[in-house]
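In: 3D model of this:
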Amino acid sequence: MSSWRSWHRPLMVFAASMAVVFAVSGVGMVVDNRVLVGSPIWFKPLKFSASLMIYALTLAWMLSLAGRGRRLGWWAGTVVALTGAIEMVIITGQVIRGKRSHFNFETAFDGMLFNIMGATIVTLWISSLIIVILLFRSPMADRAAAWAMRLGAAIALVGAALGNLMTRATPEQEAAGGRSVSQVVGAHSVGVPEGGPAMPLTGWSTTGGDLRIPHFVGMHALQLIPLFLLALIVLAPRFARLRDERVRLRLVLVASGTYAAVLALVTWQALRGQPLIHPDGATLGAAALILVAAAAGALVSLLSTTPAPTPAQGTADDTEKELVA
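Out: This next block holds a predicted model:
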């Protein structure tokens, strides 16, 4: 584990600034009672600042572990920090103005701001792609850790790209003439109007599909898959099989495949206009298949190798070195 002092400095500064925005947005949620599209107006910068803070910290850590292309990685991480900052300046500025930041073409200025946000997101995505490629090219001593980071970052890249689904005009907007006529082009919800009944905390629709769900699920593979590996390492002293790096690697691969399948499932569910909390039979059937496949994969991974010897058998030093690695 590298020291946090070696983590990517611009991303760390950006993460710190997002912590400030998060605190300011929290105050705004309390003192500002304005509502926009059915949600407290400061809810969007609160969510975005928290998500970008976690994203930046994770990338800063991963870049410190990349053994190749460090200079290119530094520039890619710096571009992620700069584009993320531009995104948050626009989102927060529009909140202060009392305007929507996303899908807003009410005025030429609002449309220009949204187009700038679109350009920054594309640039951020390309920079993140460069970081993912560097992670795949960098040799790492612990293969399970290497693949947890690589696959988590790759799935997160897919999740980020799924955000583009929200920029498409809805059938109602297309019928009204599209961007040339509509003041709003694009939506989070599928099959229902924006701003309807929503889940607490997340704000996801409870009456229709919500494209923010696959976007969220995909983006946070960046943290959740490495955390899954960390849980395996913590459990290794209690369970002999987890002390074997090959077992941990196989379990990481199973977890990553399962996560990708879940991402595909929630995307399919949202595109069909179905609320996350009200799945139909097809969704439940697909979820059951994913669960069975994950359980079978985990069982095969655990039973395919001989358990590693316990420290009492004279290999305590080897086990300790493996966990540290």
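
In: would you put the C-alpha positions of stretch 40-51 in CSV?
Out: Coordinates of each C-alpha in stretch 40-51 appear next as CSV, following Å, rounded to 0.1, in the frame of the first residue of the first chain:
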residue,chain,number,x,y,z
PRO,A,40,-34.2,20.4,-3.0
ILE,A,41,-32.1,22.7,-5.2
TRP,A,42,-28.8,22.0,-3.3
PHE,A,43,-29.3,18.2,-3.6
LYS,A,44,-27.5,18.0,-7.0
PRO,A,45,-24.2,19.7,-5.9
LEU,A,46,-24.4,17.7,-2.7
LYS,A,47,-24.5,14.4,-4.6
PHE,A,48,-22.1,15.3,-7.3
SER,A,49,-19.5,16.7,-4.9
ALA,A,50,-19.6,13.5,-2.8
SER,A,51,-19.3,11.3,-5.9
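
In: residues in contact with it?
Out: 18-19, 21-22, 24-26, 28-29, 32-35, 87-88, 91-92, 95, 98, 101, 203, 216, 219 (CB atoms under 8 Å, 6 or more residues apart in numbering). Every residue, glycine included, has its C-beta placed from N, CA and C.

In: Buried only: go through those for me.
Out: 18, 21-22, 25, 28, 87-88, 91-92, 95, 101, 203, 216, 219 (16 or more other CB atoms under 10 Å).

In: my read: Leu165 touches Leu211, true?
Out: Yes: at 5.0 Å, Leu165 counts as touching Leu211 under the criterion of CB atoms under 8 Å.

In: out of those two, which sits in the more crowded spot?
Out: Leu211 (25 against 18; other CB atoms under 10 Å).

In: ok, back up a step: okay, and the common contacts of Leu165 and Leu211?
Out: With CB under 8 Å, 6+ apart as the test, Leu165 and Leu211 both reach Leu271.

In: could you point out where the protein is predicted with low confidence?
Out: For the chain, applying pLDDT under 70 flags the ranges 1-3, 176-182, 305-325.

In: Centroid-nearest residue for it?
Out: In the chain, the residue lying closest to the centroid (CA atoms, centre = their mean) is Met219, at 1.4 Å.

In: Leaving out chain neighbours, which residue sits closest to it?
Out: Gly159 (4.3 Å; CB to CB, 6 or more residues apart in numbering).
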